[in-house]
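Novice: Compute the structure for the input listed below.
(3 chains)
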Amino acid sequence: MVVLDLQTNKREEFIDITTLIEAELSKLGKLGGVGTVFIPHTTAAVTINENTDPYVIDDVLHRLKKLVPLDGSYAHSEGNSDAHIKASLVGPSVTFIIEDGRVRLGRWQGLFFCEFDGPRRRRIWIKFM
Amino acid sequence: MVVLDLQTNKREEFIDITTLIEAELSKLGKLGGVGTVFIPHTTAAVTINENTDPYVIDDVLHRLKKLVPLDGSYAHSEGNSDAHIKASLVGPSVTFIIEDGRVRLGRWQGLFFCEFDGPRRRRIWIKFM
Amino acid sequence: MVVLDLQTNKREEFIDITTLIEAELSKLGKLGGVGTVFIPHTTAAVTINENTDPYVIDDVLHRLKKLVPLDGSYAHSEGNSDAHIKASLVGPSVTFIIEDGRVRLGRWQGLFFCEFDGPRRRRIWIKFM
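Specialist: Residues are numbered from 1 along each chain as shown, chains lettered A, B, ... in the order given. This next block holds a predicted model:
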């Protein structure tokens, strides 16, 4: 298992980690197969979406905030229930295909770490098969 | 990696691709293991749900439209932010189990390509392990 | 493929199945690799979230109920369209990493079966690779 460290900078942001993953593929000399990104946190997630126009990610974050407001009469007392709920909606893991030592994505896609309760020091686990 | 082509016909629709995947399993003589469906588009997704009563899928699409309206004061200028957001909510990949050369699903389940910004010519990537 | 049986007790609840999965790892003497949990039902799902404060799960269920109400003018006639929609939002499968015979999760994480239309007798499929 590969462990990546990531420092997030805002309460909510998506950070493109595609090149971080490809650097690990390169170190390991891994050319093909599949990889699974697993987020070991309960207030963060992982997704794939457009990495060209940053407004797309802004729109995703903004809509998630409307669907799951920060103040929502929650029972959990830490004030971050919205982040836990978003984590389950977006999901804790993604499996991707590896070819020629690259993360094989569509033309407009990037693989994003989703921070919902930062800024924090986060970890990303990756298993290559 | 197997690549399937798919022509969608409406702006939003779910298309059952289970038999398309099983045709590839048959061609490859693949009997067991797991498979990952990966959607290389940022305005489409993949899900598993009931394939018996088509009203179920209608209800899923209809509710997604309520949660993420087409007109939602979005920043991205292409007019399809709703489709990008739905893609992240439903997800870009699903991993399934293969047994006896079949996609092993529950009795009422089908594996659906989710079009959120069609009609378009789409691709589906599948990796068998 | 490993099949687990699970009796749920309420219409909607999340049940931590991490120890059930680890018991299977132990039986099989499986020490490393990855595992995929697949839910063969169309009104249930699987997620990973906090397993320490039970209020977190309550908040997730409560917010899902607000986003996808039981009565929502649905077309499907069985009265459980909300459960089908939640199943597609949360997702039918999760892939996790196995190390030292344990499901490798973050410090606060548990792996939960998500019941949205119980109580029912349910099955969980797991494939270890």
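
Novice: how about the residues of chain A that lie near chain C?
Specialist: Remark: the part of chain A in contact with chain C comprises A:1, A:36, A:38-42, A:67-68, A:72, A:74-78, A:81, A:84-85, A:87-89, A:91-93, A:95, A:123, A:125, A:127, A:129, using CB under 8 Å from any CB of the partner chain. Every C-beta, even on glycine, is put in place using the N, C-alpha and C of the backbone.

Novice: Which of those fall within helices?
Specialist: For those, membership in helices holds for A:67, A:81, A:84-85, A:87-89, with DSSP state H as the criterion.

Novice: Export the residues you listed as JSON lines, with columns for neighbour count, pLDDT and distance to A:Leu20.
Specialist: Output for these, formatted as JSON lines (neighbours: other CB atoms under 10 Å in any protein chain shown; pLDDT from 0 to 100; distance: CB to CB, whole Å):
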{"residue": "A:Leu67", "neighbour count": "17", "pLDDT": "98", "distance to A:Leu20": "29"}
{"residue": "A:Ser81", "neighbour count": "29", "pLDDT": "97", "distance to A:Leu20": "29"}
{"residue": "A:His84", "neighbour count": "27", "pLDDT": "98", "distance to A:Leu20": "25"}
{"residue": "A:Ile85", "neighbour count": "28", "pLDDT": "98", "distance to A:Leu20": "27"}
{"residue": "A:Ala87", "neighbour count": "27", "pLDDT": "98", "distance to A:Leu20": "20"}
{"residue": "A:Ser88", "neighbour count": "27", "pLDDT": "98", "distance to A:Leu20": "24"}
{"residue": "A:Leu89", "neighbour count": "24", "pLDDT": "98", "distance to A:Leu20": "24"}
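
Novice: could I get those as TSV with distance to chain B?
Specialist: Listed next are those as TSV, based on distance: CB to the nearest CB, whole Å:
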residue	distance to chain B
A:Leu67	6
A:Ser81	18
A:His84	16
A:Ile85	12
A:Ala87	12
A:Ser88	11
A:Leu89	6
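
Novice: Looking at those residues, which one is closest to A:Asp5?
Specialist: Checking those against A:Asp5 by CB to CB gives A:Ala87 as the nearest, at 19.2 Å.

Novice: and the residue nearest in space to the middle of chain A, what element?
Specialist: Taking CA atoms, centre = their mean, the centroid of chain A lies closest to A:Phe113, which sits 2.1 Å from it. For A:Phe113, the element it lies in under DSSP states H and E is strand A:109-115.

Novice: can you check A:Asn49 too?
Specialist: Counting by DSSP H and E, the element that carries A:Asn49 is strand A:44-50.

Novice: who in chain A is up against chain B?
Specialist: For chain A, the residues in contact with chain B (CB under 8 Å from any CB) are A:33-34, A:47-50, A:53, A:55-56, A:58-60, A:62-64, A:67, A:89-91, A:94-97, A:99, A:104-109, A:129.

Novice: Put the buried members of the residues you listed into a ChimeraX selection.
Specialist: Command for ChimeraX, covering only those of the residues of chain A next to chain B found buried under the criterion 16 or more other CB atoms under 10 Å in any protein chain shown:
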select /A:34,47,48,49,50,53,55,56,58,59,60,62,63,64,67,89,90,91,94,95,96,97,104,105,106,108,109,129
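
Novice: In strands, which of the residues of chain A next to chain B appear?
Specialist: Taking DSSP state E as the definition of strands, the residues of chain A next to chain B contribute A:33-34, A:47-50, A:94-97, A:99, A:104, A:109.

Novice: For those residues, which two are the farthest from each other?
Specialist: In terms of CB to CB, those reach their longest pairwise distance at A:Gly33 and A:Glu50, which sit 25.5 Å apart.

Novice: ok, and the closest non-adjacent residue to the residue of chain A found nearest chain B?
Specialist: Using CB to the nearest CB, the single residue of chain A nearest to chain B is A:Gly106, 3.0 Å away. Distance criterion CB to CB, 6 or more residues apart in numbering or on different chains; nearest residue to A:Gly106, sequence neighbours excluded, is B:Pro40 at 3.0 Å.

Novice: contacting residues for that neighbour?
Specialist: Applying CB atoms under 8 Å, 6 or more residues apart in numbering or on different chains to B:Pro40 gives the contacts A:104-107, A:109, B:123, B:125.

Novice: Please repeat the previous calculation with a cut-off of 6 Å.
Specialist: With CB atoms under 6 Å, 6 or more residues apart in numbering or on different chains as the criterion, the residues that contact B:Pro40 are A:106, B:123, B:125.

Novice: And the residue of chain A that's closest to chain C?
Specialist: For chain A, the nearest residue to chain C under the criterion CB to the nearest CB is A:Pro40, separated by 3.0 Å.

Novice: distance of that residue from B:Gly72?
Specialist: When CB to CB, to the nearest Å is the yardstick, A:Pro40 and B:Gly72 sit 32 Å from each other.
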